[in-house]
Each structure stands twice: as C-alpha cells, then as structure tokens.
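Colleague: okay, structure incoming, though there's no sequence with it:
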C-alpha cells in the first residue's frame with residue numbers, strides 16, 4: 001500500500017463509521033456505531049485484509065470505556081423504582097440468563113458451534129459488552145457479534161408488531177430515542193470520571209486476575225462509585241462512548257473471512273429459530289412479572305424483551321407504558337448479564353470437562 005494511502009486509511013475508516021453509524025442510529029438500531037464499524041471492518045477484511053489493524057492498546061482502552069458505560073447504567077433512582085419488586089425482578093433477570101444459556105446449549109448441540117460461542121451469542125442483553133469480552137472467554141467474537149445483533153434486529157423489528165397485535169389500543173411507536181440529551185463532547189466531569197474509572201478498574205482487575213477484567217473491572221468499579229458516592233451518577237461523554245464501541249466493532253469486523261461468511265449463511269436459520277424461541281420464553285417471564293408485581297402486562301413485556309434497550313424505550317414511550325419501570329428493569333438486567341456471563345460460561349465448561 002502506498003504511503004499516501006496508508007495515511008488516508010484511518011480518516012476514511014472514521015468517516016465511513018460516522019456515516020454508517022448516523023444512518024443506523026436514525027433507523028433506531030442500538031449501538032449503531034459499533035455495528036457500523038463492524039460492517040466496515042468486515043468489508044475491509046474481505047477486500048484488503050492487511051489494510052487496517054487495530055492496535056492492542058486501543059482495543060483494551062475501548063473495552064475499559066465500554067465497561068464504565070455499562071457500570072453507569074446502575075442509577076440509584078432506577079434501583080429505587082424497583083424497591084417494591086426487587087425479588088421478582090431479580091428472579092426474572094436470573095431466569096433470563098438461564099434461558100439464554102439453555103438456548104445456547106441447544107444451538108451448540110444442533111449446529112457445529114462451540115458452547116462458549118453459542119451461549120455468549122444468545123445472552124439477552126448488553127450486546128456491546130458481551131461482544132467486547134467474548135474473545136477472552138474462548139468464544140469466536142465474530143459469530144457472537146452476528147448472533148447478538150441478529151437478536152437486537154429481531155427485537156427492534158418485532159416489538160412494535162407484538163404491541164399492535166397483543167395490546168390493541170396502544171400506539172406502538174418505533175421512533176428512535178436519543179441515548180442521552182447531552183452534547184456530543186459531554187461534560188468535563190464525565191471525561192475525568194470515565195478515564196479514572198477505566199484505568200483504575202482495569203488495573204484492579206489485572207491485580208485480581210479477573211476474567212475479562214479489562215471490561216468487567218471498570219464496570220464493577222463504576223457501579224460501586226455510582227451507587228455509593230454522593231453525586232456518583234454521571235454520563236460517559238457520547239463521543240468517547242461511541243468511539244470505544246466503534247473500535248470494538250472494527251476489531252471484530254476485521255477478523256472476518258470468506259469462510260466465516262459462509263458459516264453465517266448456514267447459521268442464519270437455526271439461530272433465528274432459537275431467537276424466536278427465546279422471545280417466546282421472555283414473554284412467559286413477562287406474565288410472571290405481571291402476576292407478581294404492580295406493573296401491567298405491557299410494562300412487564302417491554303421490561304423483559306431480550307435486548308434493544310433504546311428501541312424498547314421508544315416503543316414504551318409511544319405506547320403509554322411506564323418508561324421508568326421499563327428502563328430500570330432493562331438497565332439492571334444489562335449489568336447482571338454482562339457481570340454473570342463469564343462465570344456462567346466458565347461454570348458450564350467446567351461441568352462439561
């Protein structure tokens with residue numbers, strides 16, 4: 001590659017990711033910049049395999065920032081909203097993880113996928129975090145990303161339809177909801193806290209030899225700070241957050257090969273069927289939540305959909321649902337899923353061994 005072309009490759013990649021991310025965000029797809037960067041990386045990998053290479057330090061930094069982003073989901077106000085129903089919500093969150101693992105086991109037995117890849121690909125929540133840590137857990141992060149974002153697409157597309165069919169009289173809007181209303185650059189406090197928590201959490205996780213610690217360490221530390229320190233809640237600056245997601249997506253996309261693409265084609269039908277079964281099972285959990293809390297069936301269904309937080313929030317807002325309850329349950333489940341996924345995968349592998 002000519003020197004001039006090498007100098008232009010990263011600005012062009014950034015511009016392509018920005019354009020694709022904005023288009024996908026307008027369509028209401030969660031983690032749109034991660035998905036856009038993944039598609040860009042896939043295209044580059046197939047046409048010019050050696051054109052781009054994400055430095056290891058950049059990928060680890062992106063994982064740490066993603067961990068801070070996930071930890072910041074734990075807001076005191078959200079947990080206060082669930083105080084009257086903490087036990088049913090906790091049981092439903094645990095049951096969702098168990099269903100995800102069972103779905104992964106079924107998929108591994110009916111296809112040539114290994115169990116870590118199948119299980120992580122079907123974890124219902126926290127797609128960006130799961131994709132970011134999957135390589136460290138012995139899974140194929142390319143296939144995990146494919147399954148995670150196929151699940152998100154199915155949820156985004158099906159939720160308005162389910163609302164229209166099962167909850168007549170409620171207007172199901174699928175319009176995108178902004179992830180936050182702050183400026184793209186965010187606030188100085190957000191930058192400082194994100195950097196400090198990312199560095200400190202990653203360093204602490206390395207000392208404790210925590211599995212997937214580059215992501216989980218900052219997530220756990222951020223959750224503790226947000227809940228325990230006065231004035232703890234903060235927003236990760238959108239520019240920093242989306243850049244980190246894009247780096248993770250690009251790293252995964254650049255690892256695709258023509259063989260992987262052929263495998264994805266063979267996996268599309270079985271993965272889609274398992275995702276449909278997971279959606280039906282989560283509707284069953286909504287019935288449990290409806291029976292054991294004061295939440296309506298509509299609120300319970302939107303709170304238990306397997307992923308697509310911001311798309312679900314858009315539908316909740318347009319259908320007159322209790323958006324505070326929906327966001328509280330969904331946010332708590334994201335943290336639970338990402339936190340327990342490594343333990344669950346290692347436990348399952350230990351039993352198999």
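Modeller: Sure, I can see it. Remember, predicted model here, so these are calculated numbers, not experimental data.
Colleague: show me what stretch 59-68 is in contact with.
Modeller: Stretch 59-68 is contacted from outside by 128-129, 132-133, 193-194, 197-199, 201-202, 214-219, 222, 236, 240-241, 243-245, 247-248, 251, using CB atoms under 8 Å, 6 or more residues apart in numbering. C-beta here means a position set from N, CA and C on the backbone, and glycine is covered the same way.
Colleague: type out the PyMOL command that picks the buried ones from those residues.
Modeller: One line in PyMOL is enough to select the buried ones among these; burial here means 16 or more other CB atoms under 10 Å:
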select buried, resi 128+129+132+133+193+194+197+198+201+202+214+215+216+217+218+219+222+236+240+241+243+244+245+247+248+251
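Colleague: mind listing what's buried in the longest helix anywhere in the chain?
Modeller: In the chain, taking DSSP state H as the definition, the longest helix is helix 258-292. Buried residues in helix 258-292, counted by 16+ other CB under 10 Å: 260, 263-264, 267, 271, 274-275, 278-279, 281-283, 285-286, 289-290.
Colleague: next secondary structure element downstream of it?
Modeller: helix 297-304 (DSSP states H and E).
Colleague: mean confidence score for that next one?
Modeller: Average pLDDT, helix 297-304: 88.
Colleague: now do it: which elements does it pack against?
Modeller: Where contact means 3 or more CB pairs under 8 Å, 6 or more residues apart in numbering; DSSP states H and E, helix 297-304 is packed against helix 141-166, helix 258-292, helix 309-319, helix 323-352.
Colleague: show me what contacts residue 87?
Modeller: Applying CB under 8 Å, 6+ apart, no residues qualify as near residue 87.
Colleague: and the gap between it and residue 256?
Modeller: 43 Å (CB to CB, to the nearest Å).
Colleague: what does stretch 261-269 rub up against?
Modeller: So stretch 261-269 is contacted by 46, 111, 113, 143, 146, 147, 150 (CB under 8 Å, 6+ apart).
Colleague: by neighbours, which of those wins?
Modeller: Counting neighbours by other CB atoms under 10 Å, residue 147 comes out on top of the contacts of stretch 261-269 with 27 neighbours.
Colleague: that one contacts residue 123, doesn't it?
Modeller: No: assessed by CB atoms under 8 Å, residue 147 is found out of contact with residue 123, at 9.3 Å.
Colleague: what sits closest to residue 203 if chain neighbours are left out?
Modeller: Leaving aside its sequence neighbours, residue 203 sits nearest to residue 217 (CB to CB, 6 or more residues apart in numbering; 7.6 Å).
Colleague: what do you get for residue 211?
Modeller: Sequence neighbours aside, residue 342 is the residue nearest to residue 211 in space, at 4.7 Å (criterion: CB to CB, 6+ apart).
Colleague: what do you get for residue 346?
Modeller: Leaving aside its sequence neighbours, residue 346 sits nearest to residue 211 (CB to CB, 6+ apart; 6.8 Å).
Colleague: what sits closest to residue 85 if chain neighbours are left out?
Modeller: Leaving aside its sequence neighbours, residue 85 sits nearest to residue 293 (CB to CB, 6+ apart; 4.1 Å).
Colleague: and the pLDDT for residue 62?
Modeller: Taking residue 62 on its own, its pLDDT is 91.
Colleague: kindly report the same for the one 4 residues further on.
Modeller: The predicted structure scores residue 66 at 87 on the pLDDT scale.
Colleague: centre of the chain versus the helix or strand in which it is found, how much separation?
Modeller: Per DSSP H and E, residue 66 falls inside helix 56-71. Remark: helix 56-71 is offset 13 Å from the chain centroid, using CA atoms, centre = their mean, to the nearest Å.
Colleague: can you check stretch 148-163 too?
Modeller: 14 Å.
Colleague: ok, now stretch 285-303?
Modeller: Remark: stretch 285-303 is offset 23 Å from the chain centroid, using CA atoms, centre = their mean.
Colleague: list the contacts of that stretch.
Modeller: Residues from elsewhere that reach stretch 285-303, judged by CB under 8 Å, 6+ apart: 84-85, 88-89, 91-92, 95-96, 99, 159, 162-163, 166-167, 170, 283, 304, 312, 315-316, 319, 321-322, 325-326, 328-330.
Colleague: same question, stretch 234-249
Modeller: Contacts of stretch 234-249 (CB under 8 Å, 6+ apart): 17, 21, 31, 33-38, 40-41, 54, 58-59, 61-63, 65-66, 68-69, 72, 128, 131-132, 145, 179-180, 182-187, 189-191, 193-194, 226.
Colleague: now intersect those with the strands, please.
Modeller: Using DSSP state E, the subset of the contacts of stretch 234-249 located in strands is empty.
Colleague: buried subset of those residues?
Modeller: When the contacts of stretch 234-249 are checked for burial by 16+ other CB under 10 Å, the buried set is 17, 21, 31, 33-38, 40-41, 54, 58-59, 61-63, 65-66, 68-69, 72, 128, 131-132, 145, 179, 186, 190-191, 193-194, 226.
Colleague: how far does stretch 204-218 sit from its chain's centre?
Modeller: In this view, stretch 204-218 has its centroid 19 Å away from the chain centroid, taken as CA atoms, centre = their mean.
Colleague: ditto for stretch 106-115
Modeller: Centre-to-centre, stretch 106-115 and its host chain are 22 Å apart (CA atoms, centre = their mean).
Colleague: next, the buried residues of it.
Modeller: In stretch 106-115, counting by 16+ other CB under 10 Å, buried: 106, 107, 108, 111, 113, 115.
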